[in-house]
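**Student:** Quick one: sequence plus predicted model below, questions after.
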Amino acid sequence: MYIEPPPGFRTSGDEPRGTRLVLVRHGEAHCNVAGIVGGPRGCTGLTDLGREQAAALARRVGSSHEFDGVTALYSSVLERARETASIVAGSLPHTTVVADCDLCELHPGRADAMSWDEMIEAFGGPDWDRDPDEPFAPEGESWTGFYERCVAAFERLSRAHPGEQVLLFVHGGVIEQAVKLAIGSPAAQRLLLRTEHCSMTEIELDAGRVRLLRYNDRAPRAVTAR
């Protein structure tokens, strides 16, 4: 007797068997609240609230044990992501975090550390609805270039960790590119997601197929029995 409908009618899908990338957005950062373009110079780490958000996530994963099987941790090189990773990793069995610039937010080029007003006055700001290949600012990335960089990183990590679950401490823009990849959106599309600080998004990469397993999953969560 069939328990589930045929594959063409299923909504649940098969159990994950490919590489599962869990993308954790960093906690609230000083550059977020100050209106600063947060590249390598503009990012000065987490606010007190951001550290509280990371600590809440650490408590969740420490009590739920949902990531006890994680085999690797990676982080953007930007301070807000690195600080979040450091806080959360303290509650995980695997605590070594590898910094990877390919997981950074869109590279802002010469707009780094400017206020948004200064950036717009100096460079005008890109119109990605008109031209998604336009750089964010001189020496910065375009929207499509950002997508291509992120997708290449996801594919590289999936090859390095076949069939494993890996935590990535990243940024809202990186998570948007992951969701686009999973739902088959073109590189130029802008989803206009609202991805919360210290939320988790998970995608599965398996033999060329990409699936979205969760989006915007946040602490606290009810403790599950081990």
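**Tutor:** Yep, it's here.

**Student:** Okay, buried residues for the lengthiest strand in the chain please.
**Tutor:** Secondary structure of the chain per DSSP state E: the longest strand is strand 209-217. Neighbour-count burial for strand 209-217 flags 210, 211, 213, 215, 217 (criterion: 16 or more other C-beta atoms under 10 Å). C-beta coordinates here come from the backbone N, C-alpha and C atoms, glycine included.

**Student:** Does residue 22 touch residue 67 like I think?
**Tutor:** Yes. With contact defined as C-beta atoms under 8 Å, residue 22 reaches residue 67; the gap is 7.3 Å.

**Student:** what touches both of those two?
**Tutor:** Taking C-beta atoms under 8 Å, 6 or more residues apart in numbering as the criterion, residue 22 and residue 67 both touch 165, 167.

**Student:** just to revisit the earlier point, quickly name whichever of the buried residues of strand 209-217 is closest to residue 72.
**Tutor:** Using C-beta to C-beta, residue 213 comes nearest to residue 72 of the buried residues of strand 209-217, at 17.5 Å.

**Student:** quick one: the closest one from residue 201, how far?
**Tutor:** Plainly put, residue 213 is 8 Å away from residue 201 if you go by C-beta to C-beta, to the nearest Å.

**Student:** The nearest residue in space to residue 29 that is not next to it in sequence sits in which helix or strand?
**Tutor:** Nearest residue to residue 29 in three dimensions, chain neighbours excluded: residue 80, at 3.8 Å (C-beta to C-beta, 6 or more residues apart in numbering). Applying DSSP states H and E as the criterion places residue 80 in helix 79-89.

**Student:** Mind checking what helix or strand follows that helix in sequence?
**Tutor:** strand 97-99.

**Student:** quick one on the thing from earlier: number of residues surrounding the residue nearest to residue 29?
**Tutor:** Neighbour count of residue 80, defined by other C-beta atoms under 10 Å: 29.
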